[in-house]
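Novice: Build the 3D model from these lines:
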Amino acid sequence: MTNPREESARRRRSRLAELVRDTSYEVMPFKNTERDVLAAVPVDVPLTVTVTEAKGIDTTLALTERLLGHGYRVAPHLPARLFVDQQHVADVVARLTEAGVKSVFVIGGDAPDPAGEFTDAYSLLRAMEEAGHSFEVGIGGYPEGHGSIPQEAIDLALKQKAPMARRVITQICFDATRTASWAEGIATAGIELPVYVGMPGPVNRQKLMRISAGIGLGQSARFLQKQQSMLWRFLLPGGYDPTKLARRLGTALPKFRTNVRGLHIFTFNELRGTEQWRQKLLAALSEKEDDA
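Specialist: Numbering: from 1, shown residues only. Below you'll find the model as predicted:
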């Protein structure tokens, strides 16, 4: 007979395995991204493609189209502050529809000055609806707050955007209990969308610095401002371990009523290492189940 502690541990492992199996990867549109995805990422892992201010939206759309051609499910990031006007929105919607894109990730974007009339994700979502899109829309969530936007404004924006979305992808999270509590809070508030928890993969500090240089100092600084606790976690020796964070999520989530369905890994284009890490964790969880 299984004792209560063993049963609790089994439930935690099972919950964690569900999260790890239902995982998507975020990639950045760099020179070798397509090659690296093909070499390391199974086609059943959904992808999102970020936008860098230096390369613009078209580079992201082009990579999205090429990865779709290889059989991947790809959602491009659509930052509101890089769209010029309603015609620009209509053109992008038409291009993605023709390419066979099924899902997109709509964000406000970090550009200090908007290129046109859209300053936040909500305004872009309304413009996309006017353009008659049929995409499954992902929107951002901020369990650990935003470095420059008050929490009340973030909460209001989420309520406004939710009726036009199909899922929530969170910022990078490091606090499992706080993230689970936040997910319960939005569910209690009536936002029943599936939630995918953002977390970094097994990227090393040197890789992170090269990526930061590649996307530009200004954009890197604004990204780190949003991810308030990220920098010091990576700079301190032994400061971040994705396996420990994933296990903490597996422990915390069963204690709350949430709609958390999976993980969204910020790969920083460390794709081979991220996929190896995910497979190793799944194998370890499976072995535990077999031994039970």
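
Novice: and this structure, what are its domains?
Specialist: 4-201+241-291, 204-239 (the TED database).

Novice: Please identify the deepest-packed of those domains.
Specialist: Highest mean neighbour count of those: domain 4-201+241-291, a mean of 18 (counted as mean count of other C-beta atoms under 10 Å). Every residue, glycine included, has its C-beta placed from N, CA and C.

Novice: And the closest residue to residue 260 other than its chain neighbours, how far from residue 159?
Specialist: Once flanking residues are discounted, residue 260 sits nearest to residue 195: 4.7 Å by C-beta to C-beta, 6 or more residues apart in numbering. According to C-beta to C-beta, to the nearest Å, residue 195 stands 15 Å off from residue 159.

Novice: what does residue 113 give?
Specialist: 27 Å.

Novice: can you tell me the helix or strand for residue 152?
Specialist: According to DSSP states H and E, residue 152 maps onto helix 151-161.

Novice: whoops, residue 269 was the one
Specialist: Using DSSP H and E, no helix or strand contains residue 269.

Novice: Now do the residue nearest to it when sequence neighbours are not counted against residue 278, distance only.
Specialist: Spatial nearest neighbour of residue 269, chain neighbours left out: residue 28 (5.4 Å); criterion: C-beta to C-beta, 6+ apart. Residue 28 is 18 Å from residue 278, where distance means C-beta to C-beta.

Novice: Repeat that for residue 7.
Specialist: 26 Å.

Novice: Contact partners for residue 119?
Specialist: 80, 81, 108 (C-beta atoms under 8 Å, 6 or more residues apart in numbering).

Novice: Hmm, residue 131 and residue 89 touching each other?
Specialist: Yes. Taking contacts as C-beta atoms under 8 Å, residue 89 lies within contact range of residue 131: 5.3 Å.

Novice: distance of the residue nearest to residue 269 from residue 127?
Specialist: 25 Å.

Novice: Over to residue 244?
Specialist: Counting by C-beta to C-beta, the separation of residue 244 from residue 127 is 41 Å.

Novice: for the chain, what spans make up the strands?
Specialist: 23-27, 47-49, 74-79, 103-107, 136-141, 167-172, 195-200, 260-266 (DSSP state E).

Novice: To residue 180, which of these lies closest?
Specialist: strand 260-266 (7.2 Å; C-beta to C-beta).

Novice: Might you list the low-confidence residue ranges for the stretch 101-250 of the chain?
Specialist: Residue ranges of the stretch 101-250 of the chain with pLDDT under 70: 205-239.

Novice: how about a cut-off of 90?
Specialist: 109-112, 144-151, 171-175, 200, 202-241 (pLDDT under 90).

Novice: Can you show me the helices along it?
Specialist: 121-130, 151-161, 176-188, 205-215, 217-226, 230-235, 242-252 (DSSP state H, counting those that start in this stretch).

Novice: chain center to stretch 90-105: distance?
Specialist: Distance of stretch 90-105 from the chain centroid (C-alpha atoms, centre = their mean, to the nearest Å) equals 19 Å.

Novice: same check, this time on stretch 126-137
Specialist: With C-alpha atoms, centre = their mean, you get 20 Å for stretch 126-137.

Novice: Let me see the residues that make contact with it.
Specialist: By C-beta under 8 Å, 6+ apart, the list of residues contacting stretch 126-137 reads 78, 83, 86, 89-90, 93-94, 96-97, 101-106, 118, 125, 164-167.

Novice: what about 7 Å?
Specialist: Applying C-beta atoms under 7 Å, 6 or more residues apart in numbering, the external contacts of stretch 126-137 come out as 86, 89-90, 93, 101-104, 106, 118, 125, 164-166.

Novice: could you redo those residues as CSV and give each row distance to residue 3?
Specialist: Shown next, in CSV, are those (distance: C-beta to C-beta, whole Å):
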residue, distance to residue 3
86, 62
89, 58
90, 61
93, 56
101, 50
102, 46
103, 43
104, 47
106, 47
118, 57
125, 50
164, 47
165, 42
166, 41
